[in-house]
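Visitor: Dropping the sequence and predicted coords here.
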Amino acid sequence: MDEKRSKENGCRHVLMIPYPSQGHINPMLQFAKLLSTKGVRATMVTTIFISKTMHLLSSSLLPNFIQFDTISDGYDQGGFAQASSIPTYLSSMKATGSKNLRELIQKYKISDYPIDCLVYDSFLPWVLEVAKEFSLLGAAFFTQMCAVNCIFYYVHHGLLKLPISSTPISIPGLPLLDLKDTPSFVHELGVYPAYYELVMNQFSSLHEADVILVNSFYKLEDQVVDAMSKLCPFVTIGPTVPSFHLDKEVPGDRANNVNLFQVDSSAINWLNPKPSRSVIYVSFGSMVSFSTEQMREIALGLMGTGFNFLWVIPALEAKNPPGELLEEMGASGRGLVVNWTPQLEVLSNQAVGCFLTHCGWNSTTEALCFGVPMVAMPQWTDQPLNAKYVEDVWKVGIRVKVNENGIVTREEIECCIREVMEKEHGGELRINAKKWKELAIEALSQGGTSDNNINEFVNMLKKCPY
Ligand code: UDP
């Protein structure tokens, strides 16, 4: 028994182990904050490379209860980009990461705050093995929506056979799907074999996890959650959008605190004087990159609308957009291209009228929670299914059409943006988004579904023997 801890505060301590990318760190850190408001100490464990390169906005953290620590993934100088291939990186992360994680658990064992539970990104199932070795609770954390997890579950268990031979695809709890609506790893077999394995491996030992947490909320996906309850019970704890923007229970919690790119706040000054709903916000997250041809079509489509636009191109210099196009956009006086924005501040700015997005799950839930209608331009992984829900289930946006050469043309982009910015349909989308925002607030507020689920998780932690 840990004398010091039990006498002083009885505080439980959780290690949070995210997959090392922006879209996976953000929701886990937000979940850490939610736990901290309930008296749980949470330590975010990043890779050494991420900890050296990340930009930490500490102002809205809860300093006593959240801290950061590191493990190595074997690539401390360059992270993922330093590895020769994705499988090499993943196996190094497993080998080096699990060794380091064991050492970290030992380190805390002799501290005032021994570990009770490992909350691990479902992309890293090896963490569960480490948890079990130390008789700790293991909580899987899925950063993608329940419907996506459901499809991967079906494929993993042979309930949905690949390649899919007949459409529409019918899965209990999901709308009928065309092939193109499914996650890319399901409809573009063999394109990213390592990622295919990664998403399937999420389910390899999942039955041994003590709880399966998902960054979603019940009313957003009630039919999937209910349909999966006997097969794979998803415990919804989201959306992991900072409290200030939703239930306001933690007023200082306004931002995503960790940025893997240098934030350019000039975007906010640029937005502030613009008229209400007059700006298109354009971001395709942290990983998507386009061909030069597609970049050109996006740029010309945006300029064709005549609206102001703010376009995020992370690692701008590496993405190599045609220089003359950047100049043209700048010269038009309507476009601002930046490396990285404080996205939540942007989406909550009155000037933003529409979000041209890749439909990464975080961006999707953020747009939903800020009531910003979307033009969805999904690229890969879970994005096609997220976009299907955006358009057909939640009715908070529209999807672009891809032409026979795999390009979304400037005309298509312009037409979709006009539909959202100028037509009556845009107003309807905004009203629908407002409804989802209210339901998100309800889920996180005291007595809401996500709040109850988090309380149950905390109770589970409290029952751990000292
Ligand atoms: N984001 C940001 N600034 C930007 C672009 C994105 O802070 O300029 C954040 C965004 O708010 C979201 C995350 O980065 O929380 C991206 O996650 P998402 O799942 O949308 O996309 P991914 O990067 O994983 O493809």
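Guide: Nice, I can see it.

Visitor: Point to the residue nearest the middle of this protein.
Guide: Centroid-nearest residue in the chain, with C-alpha atoms, centre = their mean: Asn362, separated by 3.5 Å.

Visitor: OK, contacts around that residue?
Guide: By C-beta atoms under 8 Å, 6 or more residues apart in numbering, the residues touching Asn362 are Gly23, Asn26, Pro27, Thr143, Thr240, Gly285. Using the backbone N, CA and C atoms, a C-beta is placed for each residue, glycine as well.

Visitor: quick one: secondary structure of it?
Guide: Put simply, Asn362 is helix when judged by DSSP: H, G, I helix; E, B strand; the rest coil.

Visitor: Over to the one 5 residues further on?
Guide: With three-state DSSP as the basis, the three-state label of Ala367 is helix.

Visitor: From the contacts of Asn362, list the ones also adjacent to the ligand.
Guide: By C-beta under 6 Å from any ligand atom, the members of these lying near the ligand are Gly23, Asn26, Gly285.

Visitor: Please tabulate those in CSV, including the columns pLDDT, secondary structure and neighbour count.
Guide: Output for the ones next to the ligand among the contacts of Asn362, formatted as CSV (pLDDT from 0 to 100; DSSP: H, G, I helix; E, B strand; the rest coil; neighbours: other C-beta atoms under 10 Å):
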residue, pLDDT, secondary structure, neighbour count
Gly23, 98, helix, 20
Asn26, 97, helix, 26
Gly285, 97, coil, 20
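
Visitor: so which of the contacts of Asn362 comes closest to the ligand?
Guide: Gly23 (2.1 Å; C-beta to the nearest ligand atom).

Visitor: From what I see, that closest one and Trp361 are in contact.
Guide: Yes - using C-beta atoms under 8 Å, Gly23 is in contact with Trp361, at 7.0 Å.

Visitor: Now do the shared contacts for the two.
Guide: Thr143.

Visitor: Can you check what pLDDT the model gives Pro322?
Guide: With respect to pLDDT, Pro322 scores 70.

Visitor: mind checking how far it is from the ligand?
Guide: Taking C-beta to the nearest ligand atom, to the nearest Å as the measure, Pro322 falls 21 Å from the ligand.

Visitor: Please, where are all the helices along the stretch 101-250 of the chain?
Guide: Ranges of helices in the stretch 101-250 of the chain, per DSSP state H, counting those that start in this stretch, are 126-133, 146-156, 184-187, 193-201, 222-228.

Visitor: Just name the most buried of these.
Guide: Mean neighbour count (mean count of other C-beta atoms under 10 Å) peaks for helix 146-156 among those, with a mean of 24.

Visitor: Any residue of it touching the ligand?
Guide: No - judged by C-beta under 6 Å from any ligand atom, helix 146-156 makes no contact with the ligand; its nearest approach is 11.7 Å.

Visitor: Just want the angle from that helix to helix 193-201.
Guide: 100 degrees (axes from the mean of the first three to the mean of the last three C-alpha atoms, to 10 degrees).

Visitor: Check the gap between Lys38 and Glu188 for me.
Guide: 41 Å (C-beta to C-beta, to the nearest Å).

Visitor: hmm, I was thinking of Ala443
Guide: For Ala443, the distance to Glu188 - C-beta to C-beta - is 33 Å.

Visitor: For these two, indicate the residue with more neighbours.
Guide: The residue with more neighbours, out of Ala443 and Glu188, is Ala443; 24 against 15, by other C-beta atoms under 10 Å.

Visitor: Now for that one: which residues touch it?
Guide: Ala443 neighbours (C-beta under 8 Å, 6+ apart): Phe217, Tyr218, Lys219, Thr236, Gly238, Pro239, Thr449, Ser450, Asp451.

Visitor: mind running it again at 10 Å?
Guide: Contact partners of Ala443, counting by C-beta atoms under 10 Å, 6 or more residues apart in numbering, are 216-220, 236-239, 246-247, 449-453.

Visitor: Next: Ser291.
Guide: With C-beta under 10 Å, 6+ apart, Ser291 has these contacts: Glu297, Gly406, Ile407.

Visitor: just curious, which of those is nearest to the ligand?
Guide: Closest to the ligand, out of all of those and judged by C-beta to the nearest ligand atom, is Gly406, at 19.3 Å.

Visitor: The closest one: helix or strand, and which one exactly?
Guide: Gly406 is part of no helix or strand, with elements assigned from DSSP states H and E.

Visitor: Next, count neighbours for it.
Guide: 9.

Visitor: Quick check, it in contact with Glu297.
Guide: No - look at Gly406 against Glu297 with C-beta atoms under 10 Å: they stay out of range, at 11.3 Å.

Visitor: circling back to that earlier point, dump the ones next to the ligand among the contacts of Asn362 to TSV, plus distance to Leu174.
Guide: Putting the ones next to the ligand among the contacts of Asn362 into TSV (distance: C-beta to C-beta, whole Å) gives the following:
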residue	distance to Leu174
Gly23	22
Asn26	26
Gly285	24
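
Visitor: residue boundaries of the strands in the stretch 101-250 of the chain?
Guide: 117-121, 137-142, 211-214, 235-236 (DSSP state E, counting those that start in this stretch).

Visitor: Which of the contacts of Ser291 sits closest to Asp112?
Guide: Gly406 (56.3 Å; C-beta to C-beta).

Visitor: For that closest one, which residues are in contact?
Guide: Counting by C-beta under 10 Å, 6+ apart, Gly406 has contacts Ser291, Glu293, Gln294.

Visitor: cool, His425 as well?
Guide: Pro373, Lys395, Ile398, Glu419.
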